[in-house]
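J.: when you get a sec, could you give me coordinates for this:
(chains A and B)
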Amino acid sequence: MFLMIYSKKNAGKWVASRKGKVLATDVRLAGVLRKVKDHDKDSLQLAFVPKTPFLAGFHAI
Amino acid sequence: MRFDFYPYEGNWLPIIPVIFACKKNRLPPILALVDTGATHTILPMEIATELGITIDHDDRIETQVAGGTQCFIYPSPFMIDCLIRDPGASMECHWRAPVFFSEGQHIVLLGHHRCLEKFDATFYGPEKRMELHPRFRDR
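T.: Got it, this is the predicted structure:
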């Protein structure tokens, strides 16, 4: 089972989900945490969905 | 510890849930990209706020992302507790790591320093999954 949280619909938002179901979204982490504050914390999953494709890799400091 | 890749815009990426905590503050599992090209672990600044960490904005380090774009990152004043769980088994492992926070980086990146370097990481691309085997004692 794959959860399609990384969808354009959720771009630019934090997404809270549980067992494949999106419970809440918000542009701010604090906002989505507030919306799911009554849920069991360990059963949740949070993710930020970027607006643009990943191009990660910090390689120098 | 086995993790399935996540679909993202036609690609499949090595993304795993990680629980971050600092002192008594603990967040739900957050999806993090296993970034073998990253030197350090980078967390969005919003996570610092939720963990109750005050960042010294004068203590910043200029760095580069792949491609050469420059950005600033801020070291956490505290070690951060990191915990991952195998979704298909009861196995979990916990370690403490120094991390950096970034204003412009919203994706959690798991880098080498004190993080990926603690594991054997094997990517099974065609099967769209990865395995992490800790090479340290849980603490």
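J.: return stretch A:29-39 as PDB; C-alpha atoms alone will do.
T.: The C-alpha trace of stretch A:29-39 is given here as PDB (Å, rounded to 0.1, in the frame of the first residue of the first chain):
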ATOM      1  CA  LEU A  29       4.000  22.400  10.600                       C
ATOM      2  CA  ALA A  30       2.500  23.900  13.700                       C
ATOM      3  CA  GLY A  31      -0.800  24.100  11.900                       C
ATOM      4  CA  VAL A  32      -1.000  20.500  10.900                       C
ATOM      5  CA  LEU A  33       0.200  19.400  14.400                       C
ATOM      6  CA  ARG A  34      -2.600  21.400  15.900                       C
ATOM      7  CA  LYS A  35      -5.200  19.700  13.600                       C
ATOM      8  CA  VAL A  36      -4.100  16.200  14.700                       C
ATOM      9  CA  LYS A  37      -3.300  16.900  18.300                       C
ATOM     10  CA  ASP A  38      -6.000  14.500  19.500                       C
ATOM     11  CA  HIS A  39      -4.600  11.500  17.500                       C
END
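J.: for the chain, where's the lowest mean pLDDT among helices and strands?
T.: Since no chain was named, I'll use chain A. Comparing every helix and strand of chain A by mean pLDDT, DSSP states H and E singles out strand A:58-60 as the least confident one, with a mean of 45.
J.: that was the other one, I meant chain B.
T.: Result, chain B / mean pLDDT, DSSP H and E: strand B:61-65, a mean of 77.
J.: after that one, which helix or strand is next?
T.: Next along the chain after strand B:61-65, taking DSSP states H and E as the criterion, comes strand B:70-75.
J.: listing partners with orientation, what would you give for that following strand?
T.: strand B:61-65 (antiparallel), strand B:100-102 (antiparallel) (DSSP bridges).
J.: quick one: low-confidence ranges for chain B?
T.: With pLDDT under 70 as the threshold, chain B has low-confidence stretches at B:65-69, B:138-139.
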